[in-house]
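K.L.:
sequence first, then the predicted structure, then my questions.
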Number of protein chains: 2
Amino acid sequence: MANRDLYGALPGPQGGDIGGLLAEVLADMPDAQLHGLQGIARLRDIPRGGVVVTEGGRPDEIGYLIHGALGMQKQLPDGRVHIIGLLVPTDMYGRLFDGPAAYDIVALTDARVLAFPRDAFERILVSSPEIERRFLVNVLDELDSAREWILLMGGHKIVERLASFLLILLRRMLRGGRHRVPGAPVTVRIPIRRVDLAHYLGTTPESVSRALHELEGQGLVRLRDAYEIEIADLPGLVRVSGADHLGAERAG
Amino acid sequence: MANRDLYGALPGPQGGDIGGLLAEVLADMPDAQLHGLQGIARLRDIPRGGVVVTEGGRPDEIGYLIHGALGMQKQLPDGRVHIIGLLVPTDMYGRLFDGPAAYDIVALTDARVLAFPRDAFERILVSSPEIERRFLVNVLDELDSAREWILLMGGHKIVERLASFLLILLRRMLRGGRHRVPGAPVTVRIPIRRVDLAHYLGTTPESVSRALHELEGQGLVRLRDAYEIEIADLPGLVRVSGADHLGAERAG
DNA sequence: AGATAACATTGACGGTGGTCAATGCCTGAC
DNA sequence: GTCAGGCATTGACCACCGTCAATGTTATCT
């Protein structure tokens, strides 16, 4: 299957319009700071399977994902792979003020990132309290996401986990600006292959498949194709997920 | 069972020696800053089951745990409880620059915390880049812990998860300054009850019990009592855990 | 000391999901 | 068009664990 099928047609600015990308990614940042960052940013394209950061290596760059999907993954001694974090556009990767990376970061689809040399980024952070505060909040959000994921992984049954995953995807999509047309059915696009999703949910591709089709059997979703999921019964999906993901949305 | 059995006899300064506690918790902080914090700190004792921060409520305090154990937990609609984070002494709780808490924080044992009013703490943070940087690194570490936990939750078999848990406990203990006597057998103390541990590992007390005794049957650990676990075969335990927790320790 | 409560452990049973194997579907190459 | 490769799906089987119930164990109270 072609990688381009895993994400939609490339929207937004093409080529070297780094300023536009920055503005999108770091919305409402003061212009002066933006300009400082712009000078050192660089666009990079990474084919699926490409390694962005290697475990144990000191990451030499900080980056924002423009499109595609990245996975933070760990190779277990027995050969199994586990994905402990999924990065979607506008997410950040890389570590600051700190030691070697604890996990590989690999491209789960063809991807494009906006990369900053680590040291330059750190200098800007130190020199600008505003950006640093912003970054801190960024990290706090990531921490929340991680904890949300822990909660998800605690759901024993795979259908639960899958439903939670779909809801999280949906929430990110709605927040991501692309507001839905009132009449049209809501669909979410699973941005990665079954194997990777399985590794992410802590299970197997087979079980993912079964769970997905069980949800379809219950009339909660409809599979337009393997990646395009139409949400048919949102409250039902929430009920199956066990947790109140949309409650969290309302509160936020 | 008495709560006091869940943690050792209270070591260190008693009563109002807040300066001593602060120095312990926030080691190598510049004295001037320390003094600023000292003025607003307050000791609080919380009985087991007591709620420190309520989900949805704006937490009005930031705190460091002095002893005992706190759990970040979420009540699911169907009545199940899930613990998504375990706090042990020197860990921090509470959120800065941000909205309502996403989870309850409850005392899993009788506990003592060093609490700061949230706004005062934020002011100090804003006025002191050093403390803020320190705090940022703190949060980054928490993020790492959370990710480590996600990895743990991915281990399908309970024995795997339990072994990982014991290794994480062991690592924290070794790092916590209390260095072991070379000849003596290494033991870790599980700081919480079976039920809570089960909720933490995403399983049931029964399964935890079985897994623990299976590890004992394989000669990897010895149970001195329900809470005091003697590590008999460290490499074996690492092997069962699946992940290379001690590798991470070596690399760090 | 005896009674009681809280907790941990052990046992039996059934369902969920991991594993292995086969089949189906779609894409790209020639 | 045909073929081959990469995925997704489906099916069969069995280990593992969640559930329910009973029993052990330890600490607290009078």
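P.N.:
Received it, and whenever you're ready, just let me know what you need. Numbering: from 1, shown residues only, chains lettered A, B, ... in the order given.
K.L.:
alpha carbons only for contacts and neighbour counts from here, please
P.N.:
Noted.
K.L.:
show the contacting residues for residue A:156.
P.N.:
Counting by CA atoms under 8 Å, 6 or more residues apart in numbering or on different chains, residue A:156 touches B:202, B:203.
K.L.:
does it fall in a helix, a strand, or a coil region?
P.N.:
Three-state assignment for residue A:156 (DSSP: H, G, I helix; E, B strand; the rest coil): coil.
K.L.:
ok, now residue A:63?
P.N.:
At residue A:63 the chain is in strand, as set by three-state DSSP.
K.L.:
ditto for residue A:109
P.N.:
Three states are possible here, and by three-state DSSP the one that applies to residue A:109 is coil.
K.L.:
isn't it up against residue A:47?
P.N.:
Yes - under the criterion of CA atoms under 8 Å, residue A:109 is in contact with residue A:47, at a separation of 6.8 Å.
K.L.:
compare those two (neighbour count), which wins?
P.N.:
A count of neighbours by other CA atoms under 10 Å in any protein chain shown puts residue A:109 above the other of residue A:109 and residue A:47, at 25 against 15.
K.L.:
give me the distance between the nearest residue to the more buried one once chain neighbours are set aside and DNA strand D.
P.N.:
The spatial neighbour of residue A:109 that comes closest, neighbours along the chain excluded (CA to CA, 6 or more residues apart in numbering or on different chains), is residue A:48 at 4.4 Å. Between residue A:48 and DNA strand D the computed distance is 9 Å (CA to the nearest atom of the strand, to the nearest Å).
K.L.:
do you know the pLDDT at residue A:48?
P.N.:
Confidence per residue is given as pLDDT, and for residue A:48 that number is 93.
K.L.:
how much space between it and chain B?
P.N.:
Distance from residue A:48 to chain B, counting by CA to the nearest CA, to the nearest Å: 23 Å.
K.L.:
that residue touches residue A:110, doesn't it?
P.N.:
Yes - the pair residue A:48 and residue A:110 passes the contact test of CA under 8 Å, sitting 4.4 Å apart.
K.L.:
which of those two has more neighbours?
P.N.:
Between residue A:48 and residue A:110, residue A:110 has the larger neighbour count (other CA under 10 Å), namely 20 against 16.
K.L.:
does chain B have contacts with the host helix or strand of residue A:124?
P.N.:
Assignment of secondary structure by DSSP states H and E places residue A:124 within helix A:118-127. No - Helix A:118-127 stays out of contact with chain B when judged by CA under 8 Å from any CA of the partner chain, the minimum separation being 8.8 Å.
K.L.:
pLDDT averaged over that helix - what is it?
P.N.:
Throughout helix A:118-127, pLDDT has a mean value of 81.
K.L.:
go through it and flag the buried ones.
P.N.:
Residues of helix A:118-127 classed as buried under the neighbour-count rule (16 or more other CA atoms under 10 Å in any protein chain shown) are A:118, A:120, A:121, A:122, A:125.
K.L.:
test my guess that the fourth one contacts residue A:95.
P.N.:
This points to residue A:122. No - counting by CA under 8 Å, no contact exists between residue A:122 and residue A:95, whose distance comes to 9.9 Å.
K.L.:
how about the helices in chain A?
P.N.:
A:18-25, A:31-38, A:118-127, A:129-154, A:158-175, A:194-201, A:205-217, A:234-241, A:245-251 (DSSP state H).
K.L.:
in CSV, list those helices along with distance to DNA strand C.
P.N.:
What follows is the helices of chain A, written out as CSV (distance: least, CA to the nearest atom of the strand, whole Å):
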stretch, distance to DNA strand C
helix A:18-25, 28
helix A:31-38, 35
helix A:118-127, 36
helix A:129-154, 11
helix A:158-175, 4
helix A:194-201, 8
helix A:205-217, 5
helix A:234-241, 12
helix A:245-251, 19
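K.L.:
quick one, what contacts residue A:132?
P.N.:
Residues counted as contacts of residue A:132 (CA under 8 Å, 6+ apart) are A:125, A:126.
K.L.:
repeat that with 10 Å
P.N.:
Residues in contact with residue A:132, defined by CA atoms under 10 Å, 6 or more residues apart in numbering or on different chains, are A:122, A:124, A:125, A:126, A:138, B:129, B:132, B:133, B:136.
K.L.:
quick one on the thing from earlier: I'd like the helices of chain A written out as TSV, with distance to residue A:82 added.
P.N.:
TSV is the format used below for those (distance: least, CA to CA, whole Å):
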stretch	distance to residue A:82
helix A:18-25	28
helix A:31-38	33
helix A:118-127	26
helix A:129-154	12
helix A:158-175	15
helix A:194-201	5
helix A:205-217	13
helix A:234-241	22
helix A:245-251	24
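K.L.:
lowest average pLDDT across those helices?
P.N.:
Mean pLDDT values for these show the minimum at helix A:245-251, a mean of 47.
K.L.:
give me the domain ranges for chain A.
P.N.:
Following the assignment in automatic domain parsing, chain A carries domains at A:3-141, A:155-251.
K.L.:
adding distance to residue B:185, write the ones you listed out as TSV.
P.N.:
As requested, the domains of chain A are exported to TSV (distance: least, CA to CA, whole Å):
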stretch	distance to residue B:185
domain A:3-141	27
domain A:155-251	35
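K.L.:
can you check which of those domains gets nearest to residue A:147?
P.N.:
For the domains of chain A, proximity to residue A:147 was assessed by CA to CA; domain A:3-141 is nearest, at 9.8 Å.
K.L.:
what residues sit buried inside stretch A:226-234?
P.N.:
Within stretch A:226-234, the residues that qualify as buried are A:227, A:229, A:230, A:231, A:232, counting by 16+ other CA under 10 Å.
K.L.:
make that stretch A:126-136, sorry
P.N.:
Along stretch A:126-136, these residues count as buried under the neighbour rule (16+ other CA under 10 Å): A:131, A:132, A:133, A:136.
K.L.:
how about stretch A:155-175?
P.N.:
Taking 16+ other CA under 10 Å as the basis for neighbour counts, the residues of stretch A:155-175 that come out buried are A:155, A:158-170, A:173.
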